[in-house]
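Enquirer: Got a predicted model here, sequence first, then my questions.
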Amino acid sequence: MNPILTIKRRYALDEIEGLRYFKSVQWLESMDSTNKQLARSVRENATPLPALLVADRQNSGVGRGSHQWWSPEGCLMFSMAIPVEGSEPVAADNASTEPLVSSALLPLRVGCTVAECLEHFSAAKPMVKWPNDVYLSGRKVCGVLIEIIPKQATAPSVAIIGIGINCTVDLRDAPSDVQTNATSLHEWSKHGSTAPVSTEEVLVQFVHHWIALDQRQKENPRWLLEYWPERSLLDGQWVEVKHPGGIAKGRCLGINESGAILIQNEQLEVTEVLAGTIQSFRPL
Ligand code: BTN
């Protein structure tokens, strides 16, 4: 790594460690996938929580469903391991120091945090495609993959939250479907192409926003429901959602209290989909 990059990285890690939210922070050159690696560490009780793991390269990055995550240079790829609610009480000596994040609405909250973070850099307004992809000007700039490791004995349930953000990715090298649907933050930089956004800067911003929104959640547990319409890419659009019970098509009315997307068909019947995949969407 060149010396300037080394300094930049050290600076970013120092700033994140100084915030004292994560008990473990690591930025490594290469691994299979930050989600897989962090999940292994959590299962083996090998990392204090919350933990943050970043990689320059992934040789087996995972996406939602059966997809792989194309993991090129210039993509910020990281995972957080966060204890979530629904856990057994933790051991008394840990209880006061371990933040417990509510797992309800977690995917939407992650998407909104990325969107707020990217607003800092982007001239285009970042929007969240339910439940948590982030888009700039109609193209995907960030994907999120959340896995829950169920509670064991005295250990809480842990969410492994994997995030990939195209910061300075050259999409000319991408697979064709990525070229068609994706974008990279540097193309929308507020500061022009002379000051491309670095993965380090974006990570530091993300962590600041994650902590701030964690605090907002504690002060007002309903903030996300109030905030969502402002960030939702799909509200008012025609969408097609695949879910375990079939396919729902119609106008997106927003979300309910559980974070389920609401789809109204032509007969004005509303389907609530808590877990599903958006197949397509378009303005009405
Ligand atoms: C999606 O399909 O949109 C989700 C993509 C999630 C990619 C990130 S990159 C960091 C973390 N490690 C992985 O292997 N996947 C997630």
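Expert: Received it, and whenever you're ready, just let me know what you need. Just so we're clear, the structure is a prediction, and the values are computed from it rather than from any experiment.
Enquirer: ok, what's across the strand from the residue of the stretch 101-250 of the chain found nearest the ligand?
Expert: The nearest approach of the stretch 101-250 of the chain to the ligand comes at residue 143, 2.3 Å away (C-beta to the nearest ligand atom). C-beta: built from backbone N, CA, C; applies to glycine. On DSSP bridges, the residues paired with residue 143 through beta bridges are residue 164.
Enquirer: I figured it hits residue 70, correct?
Expert: No. In this structure, residue 143 sits apart from residue 70 without contact. The criterion is C-beta atoms under 8 Å, and the distance is 9.8 Å.
Enquirer: Of the two, which one has the most company?
Expert: residue 143 (23 against 20; other C-beta atoms under 10 Å).
Enquirer: Contact partners for that one?
Expert: If you count contacts by C-beta atoms under 8 Å, 6 or more residues apart in numbering, residue 143 has them with 63, 64, 69, 133, 163, 164.
Enquirer: nearest to residue 20, of the residues you listed?
Expert: When the contacts of residue 143 are compared for distance to residue 20, the smallest value, 20.8 Å, is given by residue 163; criterion: C-beta to C-beta.
Enquirer: pretty sure the closest one contacts residue 111?
Expert: No. Taking contacts as C-beta under 8 Å, residue 163 lies outside contact range of residue 111: 9.6 Å.
Enquirer: Residues in contact with both of these two, list them for me.
Expert: Contacts common to residue 163 and residue 111, judged by C-beta under 8 Å, 6+ apart, are 142, 144.
Enquirer: Tell me the residues of this protein that contact the ligand?
Expert: Within the chain, the positions lying close to the ligand (C-beta under 6 Å from any ligand atom) are 33-35, 58, 61-64, 67, 69, 77-79, 133, 143-145, 162-164.
Enquirer: Could you take the contacts of residue 143 and lay them out as JSON lines, with extra columns for pLDDT and neighbour count?
Expert: Putting these into JSON lines (pLDDT from 0 to 100; neighbours: other C-beta atoms under 10 Å) gives the following:
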{"residue": "63", "pLDDT": "96", "neighbour count": "16"}
{"residue": "64", "pLDDT": "92", "neighbour count": "15"}
{"residue": "69", "pLDDT": "95", "neighbour count": "20"}
{"residue": "133", "pLDDT": "97", "neighbour count": "20"}
{"residue": "163", "pLDDT": "98", "neighbour count": "26"}
{"residue": "164", "pLDDT": "98", "neighbour count": "26"}
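Enquirer: for the stretch 101-250 of the chain, what spans make up the strands?
Expert: For the stretch 101-250 of the chain, the strands identified by DSSP state E, counting those that start in this stretch occupy 127-129, 133-136, 139-149, 157-166, 238-243, 246-255, in order along the chain.
Enquirer: Mind listing the strands the second one pairs with, and their directions?
Expert: It stands for strand 133-136. Strand 133-136 has these partner strands in its sheet, going by DSSP bridges: strand 127-129 (antiparallel), strand 139-149 (antiparallel).
Enquirer: what's it in contact with?
Expert: Counting by C-beta under 8 Å, 6+ apart, strand 133-136 makes contact with 111, 114-115, 118, 122, 124-129, 140-144, 165, 183, 185, 187-188, 233, all of which sit outside it.
Enquirer: Can you list the low-confidence ranges for the stretch 151-284 of the chain?
Expert: 193-196 (pLDDT under 70).
Enquirer: hmm, try it at 50
Expert: Residue ranges of the stretch 151-284 of the chain with pLDDT under 50: none are present.
Enquirer: Make sure residue 15 is actually in contact with residue 204.
Expert: Yes. In this structure residue 15 lies within contact range of residue 204 using C-beta under 8 Å: 5.3 Å.
Enquirer: tally of neighbours for the closest residue to residue 225 other than its chain neighbours?
Expert: Spatial nearest neighbour of residue 225, chain neighbours left out: residue 257 (6.6 Å); criterion: C-beta to C-beta, 6 or more residues apart in numbering. A count of nearby residues for residue 257, using other C-beta under 10 Å, gives 9.
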